[in-house]
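Visitor: With the sequence up front, the predicted model follows.
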Amino acid sequence: MNGHPTPRRMATRLGMSRRGWPPAPALLLLIFFLVATLSLLLAGCATQESETTPTTAADVTSVAETSSTSVPSTGSTDAQFPVTVTDDLGNTVTIPAKPLRIVSTAPANTEILFALGAGDRVVGVNALDDYPPEVADITKIGDFQVNTEAVMALSPDLVVAYSGNEEALVQIEKAGCPVLIFDPKNLEQIYTDISVVGTATGTGDEADQLVASIRATIEEITTSASLSGYKPTVFYAVDNTLWSAGSETFVDELLTLVNAVNVAATAGDGGTAISGYFQFAPEQLVAADPDIVLLPAGFYASIDEFVSDPRFAGLTAVKEGRVRLVNDVIITRPGPRIGEGLRELAKALRPEAF
Amino acid sequence: MNRDRRKVYRIVIAALVGGLVVSTLVAAITGAAGLSVREAFAALLALFRDGAGAAGSFPEWAPRLLLDVRLPRIALALIGGAALATAGTSFQGAFRNPLADPYLLGVSAGAGLGATIAIVWKPLESLGIYGLPLLAFIGAALAAFLVYRLATFGGRTGTASLLLSGVAVGSTLTAIMSFLMVATERDLHTVIVWLMGGLGAASWMKVWITLPVVVGAFVFTWLNARRMNLLLMGEERARELGVDSQRTRRNLIIVASLTTAAAVSFTGLIGFIGLMVPHIMRLLVGPDHRRLLPASALFGAVLLLVADTVARSVLAPAEIPVGIITAVSGGPFFLYLLRTRRGL
């Protein structure tokens, strides 16, 4: 009117408005919405698993095959319940009755449950679970992140979890399902965890036997390792980027038991200890020059990748052919196969003795 | 002409409200635990009647799941979407720039750094579940404050200075955050997942915390709608018409930044909503902020809800971070903008 632009005209000038209506974006949007809604409805139909029957106590049918480290069931009675146990975070949890629908959120916990003979009562496992083979047929409830809905839909009466997913499990606890959270930092804690799971699932006797047998295996390997007198320096690779385990880690404890000297435990200036997991610089590794290098089979298809790396060509272990692959799963998984994990380490140190 | 505009506006609002209802229903029945519409309704009714209701008409876990898990998540998605859209509209109005988004003034970098510190610094675990959102919020608010102060010279804060300051502070904070991420490989996964945005840990408590903030922010912004319209005409003209552009812009930016900070501290960094939604709504209802604001808020809410529902059901039980879904729709949108305008 008097030469000044109205907000509308200004908006057009700034490219913030367009003439013409209805604009194509509106149609595009409508199509997007229809497609989204349709696909959601279809997805909703596909994932439907309406369990209209409330959970009954008579669901223990076929006894699944248990792993080789399991012990025969001695028939625990329901008279042991209710029980109260303490998990690794210090929470006191009461389990009112023998759990028949157990959800495990970590591979180690699943292995423990199966080893104790409670495998047939496990209804939900982690997508990363791989042992024993039976887990392939069990409903998956998430991987690194636990899916609260998936767990809830299974109506569990016990959740055996690992630390790191507490928030996702808050609602489950509120619903009245006992949740045990484990975070073992050493062997003793693994034994405690196994006992706690045993008490919580009514398999206390089996748990005691399992712990005893693991202790025996570890004792045997430790003794034979120290008797051999062989005390090599070892670099244990946690992955393929030179991360290793310093002192006060699980791996360090195992290495000490097989009479090895963990170079990562004294990698600090002047040989001081570094605790926890940390990454080696290539020069550090060369300077440490370990007798043996252990590579995780989960990250390396063969030792060639490491051996052919020009930076490591000068390492004693490379030149004398003492770079070995190990099954890192059983070594680092804090479960019932930890005795076998130690044996794996011992074998990697002295292959001729096994 | 004006009558047409008003009719269009009414249709759009009606459609958005309808979309809100539909998407809420769809979100309530979809998920890792499938429910049919009938089961969902029966379960909800049972909640009101305190558990009574024909057992067998819905799965046993349904009422608990709906009340404790799904409904708070739906509410948080709606609130977060509305917050981001409103903040985006404010920013675009305050900066007179269609490419402005709520993360412009270092809010995302600050929130990211706060969250990373909360995740990697073990001593902070004692703060519990609310430690992370608290630190993320503090980070975002401090960053925004820093950006604003650094760009103010003698009481005047130019838009160009703000943008520059935002980039500077943002990149510095992001650098610190990246360093922390690399230095603690163990928690890397948790940090990355948070950064990509997710509503997985929604709870009613979080809803009650964010709802008043977002509602308050929306009301404040809407009351300033006329001033925002005048701001569009330029500093001089706006001042002639009685608008203290410095103060208005400052207030808008502060409120928008705090709203964004509040939203992202609970949802992680969800992109494109603050940017796309005002754009799309402007095309439909025009640039008048009195109409644009409510339309954007509604559409933002619906959009985030739809995105979140897709994110948690397509690959169930795994969850795609919702920020990826919004980005996937954002990319093609901007491509479309670019091609139809034959370059901005």
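Guide: All right, it came through fine.

Visitor: where does the stretch 1-150 of chain B have low pLDDT?
Guide: B:1, B:50-56, B:123-125 (pLDDT under 70).

Visitor: and the stretch 51-200 of chain A, which residues reach chain B?
Guide: Applying C-beta under 8 Å from any C-beta of the partner chain, one finds that the stretch 51-200 of chain A approaches chain B through A:51-55, A:127, A:140-145, A:147-150, A:152-153, A:155, A:164, A:166-168, A:170-171, A:174-175. Glycine gets a C-beta too; all of them are placed from N, C-alpha and C.

Visitor: Return the subset of those lying in helices.
Guide: Per DSSP state H, helices hold the following members of these: A:148-150, A:152-153, A:166-168, A:170-171, A:174.

Visitor: Can you turn the buried part of these into a PyMOL selection?
Guide: The PyMOL selection below is limited to those of these classed as buried (16 or more other C-beta atoms under 10 Å in any protein chain shown):
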select buried, chain A and resi 148+149+150+152+153+166+167+168+170+171
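
Visitor: Pick out the most distant pair among the ones in helices among the residues of the stretch 51-200 of chain A next to chain B.
Guide: Within those, A:Ala153 and A:Glu166 form the most distant pair, 19.9 Å apart (C-beta to C-beta).

Visitor: residue ranges of the helices in the stretch 151-300 of chain A, please?
Guide: In the stretch 151-300 of chain A, the segments counted as helices under DSSP state H, counting those that start in this stretch are A:166-174, A:187-201, A:204-228, A:250-257, A:282-288.

Visitor: Which one of those helices has the poorest average confidence?
Guide: Within those, confidence is poorest for helix A:166-174, with a mean of 84 (mean pLDDT).

Visitor: re earlier: ok, of the ones in helices among the residues of the stretch 51-200 of chain A next to chain B, which one's closest to A:Asn186?
Guide: Relative to A:Asn186, and with distances defined as C-beta to C-beta, the nearest of those is A:Glu166, at 21.4 Å.

Visitor: For burial, what's the neighbour tally of residue 338?
Guide: With no chain named, the answer covers chain A. Taking other C-beta atoms under 10 Å in any protein chain shown as the criterion, the count of residues near A:Ile338 is 26.

Visitor: Wait, chain B was what I had in mind.
Guide: Neighbour count for B:Leu338, taken as other C-beta under 10 Å: 11.

Visitor: Ok, B:Ala115 next?
Guide: When neighbours are counted by other C-beta under 10 Å, B:Ala115 registers 27.

Visitor: dump the residue contacts of it.
Guide: Shown here is B:Ala115, whose contacts under the criterion C-beta atoms under 8 Å, 6 or more residues apart in numbering or on different chains are B:132, B:135-136, B:139, B:191, B:194-195, B:265, B:268.

Visitor: Check B:Leu304 too.
Guide: B:77-78, B:80-81, B:84, B:270, B:273, B:322, B:326.

Visitor: cool, A:Ile274 as well?
Guide: Under the criterion of C-beta under 8 Å, 6+ apart, the contact partners of A:Ile274 comprise A:246-247, A:264-268.

Visitor: re earlier: any idea which of the contacts of B:Ala115 is closest to A:Ala260?
Guide: When the contacts of B:Ala115 are compared against A:Ala260 (criterion: C-beta to C-beta), the nearest one is B:Val191, at 33.4 Å.

Visitor: Is it correct that the closest one is in contact with B:Val120?
Guide: Yes: here B:Val191 lies in contact with B:Val120, judged by C-beta atoms under 8 Å, at a distance of 7.3 Å.

Visitor: Would you mind listing the residues touching both of those two?
Guide: A shared contact of B:Val191 and B:Val120, defined by C-beta under 8 Å, 6+ apart, is any residue touching both; here these are B:Met181.

Visitor: Same drill for these two, tell me which one is more crowded.
Guide: Between B:Val191 and B:Val120, counting by other C-beta under 10 Å, B:Val191 is the more crowded of the two (21 against 18).

Visitor: does the more buried one sit in a helix, a strand or a coil?
Guide: When the structure is split into helix, strand and coil by DSSP: H, G, I helix; E, B strand; the rest coil, B:Val191 lands in helix.

Visitor: wait, what's in contact with it?
Guide: Under the criterion of C-beta under 8 Å, 6+ apart, the contact list for B:Val191 reads B:115-116, B:119-120, B:181.
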